[in-house]
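S.K.: I would like the atomic coordinates for the input below:
(chains A and B)
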Amino acid sequence: EAGVVQSPRYKIIEKKQPVAFWCNPISGHNTLYWYLQNLGQGPELLIRYENEEAVDDSQLPKDRFSAERLKGVDSTLKIQPAELGDSAVYLCASSRMEGEQFFGPGTRLTVL
Amino acid sequence: SQQGEEDPQALSIQEGENATMNCSYKTSINNLQWYRQNSGRGLVHLILIRSNEREKHSGRLRVTLDTSKKSSSLLITASRAADTASYFCATEGGSNYKLTFGKGTLLTVNP
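M.R.: Okay, here's the model as predicted:
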């Protein structure tokens, strides 16, 4: 089966610019996650979706971050405006329910 | 915040040797999972052990879980250069399927 697809793989922007990341989960996976991973750290959950509903967004900085999962399939994570500290790898993952999560390759964001 | 904490932070061994990594966590869990991350394949699930299990095997991997000590270990036997990667433990607790990752152990297997 095809894995989790993310795009772009790399993005370089200047601070205060907007940026968006896209994720297509594995077919049939109802649960979708967005994680942030800083260098030398483990992934940290930003938001979790069950179908189209955001069921855990407690770690999402809502002043500048937003996410959507229209029709319960693809998802988009947006940052507006980006700050220097947002430079990191943004990972998308999906799963059926509890247990194993399948991760995409990530988007490496550099904010200059 | 990260619940799991891996030990050691970095480990360097020779091909063929065994590698052991440890993970400690703070709160009760439903299960504990180990993931591997390298630049070539991203983050990949290795093994899951449930809170009522004490030991689990998968190929060259052996995982133990001690819920009384809130700790787990991952043993990789007969290591290969291709095992070079960062290894993360992740705990799942509560009813929301949320995974909390540690900072990882960087394993280097020298040929």
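S.K.: over to A:Phe21. Which of the three states is it?
M.R.: At A:Phe21 the chain is in strand, as set by DSSP: H, G, I helix; E, B strand; the rest coil.
S.K.: verify the contact between it and A:Leu77 for me.
M.R.: Yes - the criterion here is C-beta atoms under 8 Å, and A:Phe21 meets it with A:Leu77 at 4.7 Å. No exception for glycine: its C-beta is placed from N, CA and C like everyone else's.
S.K.: what sits in contact with each of the two?
M.R.: Counting by C-beta atoms under 8 Å, 6 or more residues apart in numbering or on different chains, the common neighbours of A:Phe21 and A:Leu77 are A:Tyr90, A:Cys92.
S.K.: what is the least confident helix or strand in the chain?
M.R.: Reading this off chain A. strand A:53-56 (a mean of 90; mean pLDDT, DSSP states H and E).
S.K.: give me the buried positions along that strand.
M.R.: Residues of strand A:53-56 classed as buried: A:Ala54, A:Asp56 (neighbour count, 16 or more other C-beta atoms under 10 Å in any protein chain shown).
S.K.: what's next to that strand, contact-wise?
M.R.: A:Leu45, A:Ile47, A:Arg48, A:Tyr49, A:Ala67, A:Arg69, B:Asn96, B:Lys98.
S.K.: my read: the last one touches B:Thr91, true?
M.R.: No - the criterion here is C-beta under 8 Å, and B:Lys98 misses it with B:Thr91 at 9.1 Å.
S.K.: who's more crowded, these two?
M.R.: B:Thr91 (25 against 18; other C-beta atoms under 10 Å in any protein chain shown).
S.K.: list the contacts for that one?
M.R.: B:Thr91 touches B:Gln3, B:Gly4, B:Tyr25, B:Thr27, B:Ile29, B:Asn31, B:Leu32, B:Gln33, B:Leu99, B:Thr100, counting by C-beta under 8 Å, 6+ apart.
S.K.: which among those residues count as buried?
M.R.: The buried subset of the contacts of B:Thr91 - by 16+ other C-beta under 10 Å - is B:Gln3, B:Gly4, B:Tyr25, B:Ile29, B:Asn31, B:Leu32, B:Gln33, B:Leu99, B:Thr100.
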